[in-house]
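[1] sequence and computational prediction follow.
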Amino acid sequence: MIVLVVFALVVFLIGAVVAARRVAKVPTVRLVSTKQPPELSIGTGITWHLFLSHIWSTGQDAVGNIKSELQLLVPGLKIFLDADDLKDIGSLEEYIQHSQMILFFLSCGYFRSKNCLREIRSSLEMDKPIVLVQEADPAKGGATLQALRGECPEDLQPDIFEKGWAHTIYMRIQEFQRVSLKTIVEAVLLCSPNYVNQTSLPLCVPGEPESQPLAFAKETMLWASPANAGAQLLAEEIATTFAGLTVSTAEAPGPATHMLLYLNEDSFSDERLAEQVKQARKDKLKIVMAHENDPDRGGCLFSKFFEVTPQELIADGLYKDLARSCFPGRHHPVSLALLAKDLGATPARSRSVASVSRLSASIAEHGSRLFLKISRRSSATATTAGDGTGGEATVSVDAVEAAASAEAAQEHV
């Protein structure tokens, strides 16, 4: 019995350590202007910074994730979620009253729910600021914004869809999800006492792809075939954003190091493209695929490509490799950064960083030289200058490092 208790305690402690390490590694939201975390504030009589309004059938999992991720990104953020905080369904209006901002999670069935409509109407009647988060994945109960608006009672549509509320799409890929979460955080902060007089509040998260300065260290040429409508526009956009990339729009790849396969509703409408992809695969030319999701650029569901792509290419494993999603708006810079990384772009080192690296290497080199000099001198000395005991001379590590630093620094003046 004692052994079992000890074993259970060990398992619990291991779990706690793993969880603590995970939390410690999660970066937090920072203000772009100061690179410091924002200062949370809450109005008088308010209990929660944010209320999550959603329908259980198509929104429960998503809002649960939104809450947990937001509280990791913004420690101390108070969020009302029915699964955690609802004590009386008859008090929905009171919960709304004690919330600073209301999030409407738009998914199929949301506007047909009696309780969701209670939350919506009370939010509007109390003039609560709103942020709209849209589920766009049909497999998860999502739809286009137009379709979701069609489910909304007509008398509510203007106040929800025509007031300019912050709006974002819920994403499940982490890099894109962070952008959606930052949109929510910015909306929450802008209606808080500390930032209520500001119109925008740019935010960043350390390590996010779109904030990293990327460049191509090696010569890289991207081929955008004329038979692949839209490929040239995207390729040139990547080349404009990240230094060191050249674009070829010739009929054949020639000296290109990569081929861009741009996937939208018009893909493979030109028969030449299929032959070019086959030849590229045969020649071992690296193919980077981009899946367009913007309806204005011919975006469509990925399943469509299994209908229009020649079966020979599908059977040969064309889609076994990951196709990068291309999203519009605030998510677009992430798409470009991820595509650039797939093409070989790496973080661009600034001159100051490179200079520090060279200086550090020089200091290490001079330190080694100085240590050898001291060792030789100490070996040639039979006794120490002092007590005459015959002991070997010693020099402190601090003295060596200081001397080496001074010598190296002189060379860099």
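    Done, it's in.

[2] okay, CA-based contacts and neighbour counts for the rest of this
    Will do.

[3] what's the local residue count around Lys320?
    9 (other CA atoms under 10 Å).

[4] I should have written Val205 there, sorry.
    Neighbour count of Val205, defined by other CA under 10 Å: 21.

[5] once you drop chain neighbours, what's closest to Asp82?
    Using CA to CA, 6 or more residues apart in numbering and skipping residues adjacent in sequence, the residue nearest Asp82 is Leu52, 7.9 Å away.

[6] and that neighbour, how close does it get to Leu103?
    Leu52 sits 5 Å away from Leu103, going by CA to CA, to the nearest Å.

[7] please point out which parts of stretch 47-57 sit buried.
    Of the residues in stretch 47-57, those with enough neighbours to count as buried (16 or more other CA atoms under 10 Å) are Thr47, Trp48, His49, Leu50, Phe51, Leu52, Ser53, His54, Ile55, Trp56.

[8] ditto for stretch 66-78
    For stretch 66-78, by 16+ other CA under 10 Å, it's Ile66, Lys67, Glu69, Leu70, Leu72, Leu73, Val74, Leu77, Lys78.

[9] then stretch 284-293?
    By 16+ other CA under 10 Å, the buried positions in stretch 284-293 come out as Lys286, Ile287, Val288, Met289, Ala290, His291, Glu292, Asn293.

[10] list the contacts of that stretch.
    Residues outside stretch 284-293 that contact it (CA atoms under 8 Å, 6 or more residues apart in numbering): 257-264, 280-281, 298-302, 322-328, 339, 342-343.

[11] all the helices of the stretch 151-300 of the chain, residue numbers only.
    Secondary structure of the stretch 151-300 of the chain (DSSP state H, counting those that start in this stretch): helices located at 157-161, 174-190, 231-241, 271-282.

[12] chain center to the longest strand anywhere in the chain: distance?
    Taking DSSP state E as the criterion, the chain has its longest strand at strand 214-223. Centroid separation for strand 214-223 versus its chain: 22 Å, with CA atoms, centre = their mean, to the nearest Å.

[13] that older thread, tell me if the residue nearest to Asp82 really is in a helix.
    No: assessed with DSSP: H, G, I helix; E, B strand; the rest coil, Leu52 is strand; it does not lie in a helix.

[14] and the pLDDT at Ser352?
    Looking at Ser352, its pLDDT reads 41.

[15] next, the contact list for the residue nearest to Asp82, please.
    Counted by CA under 8 Å, 6+ apart, Leu52 has contacts Val63, Ile79, Phe80, Leu81, Asp82, Ile102, Leu103, Phe104, Phe105.

[16] one more time with 10 Å, if that's ok
    By CA atoms under 10 Å, 6 or more residues apart in numbering, the contact list for Leu52 reads 59-60, 63-64, 66-67, 79-82, 96, 99, 101-105, 119, 131.

[17] how about Val179?
    Taking CA under 10 Å, 6+ apart as the test, what Val179 contacts is 168-171, 185, 203-205, 208, 210, 330-334.

[18] please list only the buried members of those.
    For the contacts of Val179, buried by 16+ other CA under 10 Å: 168-171, 185, 203-205, 208, 210, 331-334.

[19] look up how far Met221 lies from Gly344.
    Noted for Gly344: a distance of 11 Å to Met221, by CA to CA.

[20] how many neighbours does Ser41 have?
    With other CA under 10 Å as criterion, Ser41 counts 16.

[21] wait, is it part of a helix?
    No: Ser41: not assigned to a helix; according to three-state DSSP it is coil.

[22] thought it was touching Ser192?
    Yes: shown here, Ser41 and Ser192 form a contact pair, counting by CA atoms under 10 Å, at 5.8 Å.

[23] mutual contacts of the two, please.
    What both Ser41 and Ser192 touch, as defined by CA under 10 Å, 6+ apart, is the set His49.

[24] which residue ranges make up the domains of the chain?
    Domains of the chain are assigned by automatic domain parsing as 27-204, 209-347, 351-380+395-411.

[25] output the ones you listed as JSON lines; include the columns distance to Ile2.
    Shown next, in JSON lines, are the domains of the chain (distance: least, CA to CA, whole Å):
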{"stretch": "domain 27-204", "distance to Ile2": "35"}
{"stretch": "domain 209-347", "distance to Ile2": "50"}
{"stretch": "domain 351-380+395-411", "distance to Ile2": "51"}
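
[26] ok, of the contacts of Val179, which one's closest to Pro226?
    Using CA to CA, His332 comes nearest to Pro226 of the contacts of Val179, at 23.2 Å.

[27] helix, strand or coil: sort out that closest one for me.
    Strictly by three-state DSSP, His332 counts as helix.

[28] beta partners for the residue lying closest to it once chain neighbours are set aside?
    Residue nearest to His332 in three dimensions, not counting chain neighbours: Cys326, with 6.5 Å by CA to CA, 6+ apart. Beta bridges link Cys326 to Glu292, judged by DSSP bridges.

[29] among the helices of the stretch 151-300 of the chain, which is the most enclosed?
    Ranked by mean neighbour count under mean count of other CA atoms under 10 Å, these are led by helix 174-190, which reaches a mean of 21.

[30] among the contacts of Leu52, name the buried ones.
    Buried residues within the contacts of Leu52, counting neighbours by 16+ other CA under 10 Å: 59-60, 63, 66-67, 79-82, 96, 99, 101-105, 119, 131.

[31] those residues in strands, which ones?
    If you go by DSSP E, the buried ones among the contacts of Leu52 have Ile79, Phe80, Ser99, Met101, Ile102, Leu103, Phe104, Phe105, Val131 in strands.

[32] ok, the second one - contacts?
    Counting by CA under 10 Å, 6+ apart, Phe80 makes contact with 47-53, 67, 86, 95-96, 98-99, 102.

[33] taking the residues you listed together, which two end up most distant?
    Farthest-apart pair in the contacts of Phe80 is Lys67 and His98; separation 17.5 Å (CA to CA).

[34] count of residues packed around Gly164?
    The number of residues near Gly164, taken as other CA under 10 Å, comes to 10.

[35] ok, now how distant is it from Glu208?
    27 Å.
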